[in-house]
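when you get a sec, could you give me coordinates for this:
(one chain, ligands or ions: 1)
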Amino acid sequence: MKPNTACESCLMPFAKDPGKRESDRYCSYCFKDGTLCYEGNDLKEFQRISYSKMRAHGVCVLKARFFTFLIRFAPRWRK
Ligand SMILES: [Zn+2]
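Sure, this is the predicted structure:
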């Protein structure tokens, strides 16, 4: 298996991760202090949280909507 290049939870490419990653599988936003920041199984709720976080970080509305849409294809949310 090749190493992951993007977060399994939100699909953010690790190359774009501005933080310090603790996990090989998740980005620094999704996984912090040894645990997943969102531990639930509700994709819609996770998308809402991600969207507001992106907006808070200055991502424009169109990009934030696009990335939020892509989250459903992340390994964590695949059924
Ligand atoms: Zn992530």
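
so who does the residue nearest the centre of the chain touch?
Most central in the chain under C-alpha atoms, centre = their mean is C10, positioned 2.4 Å from the mean C-alpha point. Contact analysis of C10 by C-beta atoms under 8 Å, 6 or more residues apart in numbering lists C27, Y29, C30, F46, S50, F67, I71, A74. For glycine as for every other residue, the C-beta is placed from the backbone atoms N, C-alpha and C.

list the contacts for the nearest residue to the first one once chain neighbours are set aside?
Nearest-residue entry for C27: C7, 3.8 Å, with adjacent residues in sequence omitted and distances by C-beta to C-beta, 6 or more residues apart in numbering. Counting by C-beta under 8 Å, 6+ apart, C7 makes contact with P13, F14, D17, R25, Y26, C27, Y29, C30, A74.

tell me the phi and psi of the last one?
Backbone torsions for A74, taken as degrees, to the nearest 10, come to phi -70, psi 150.

was I right about it contacting E8?
Yes. Here A74 lies in contact with E8, judged by C-beta atoms under 8 Å, at a distance of 5.9 Å.

show me where this protein dips below the pLDDT cut-off.
1 (pLDDT under 70).
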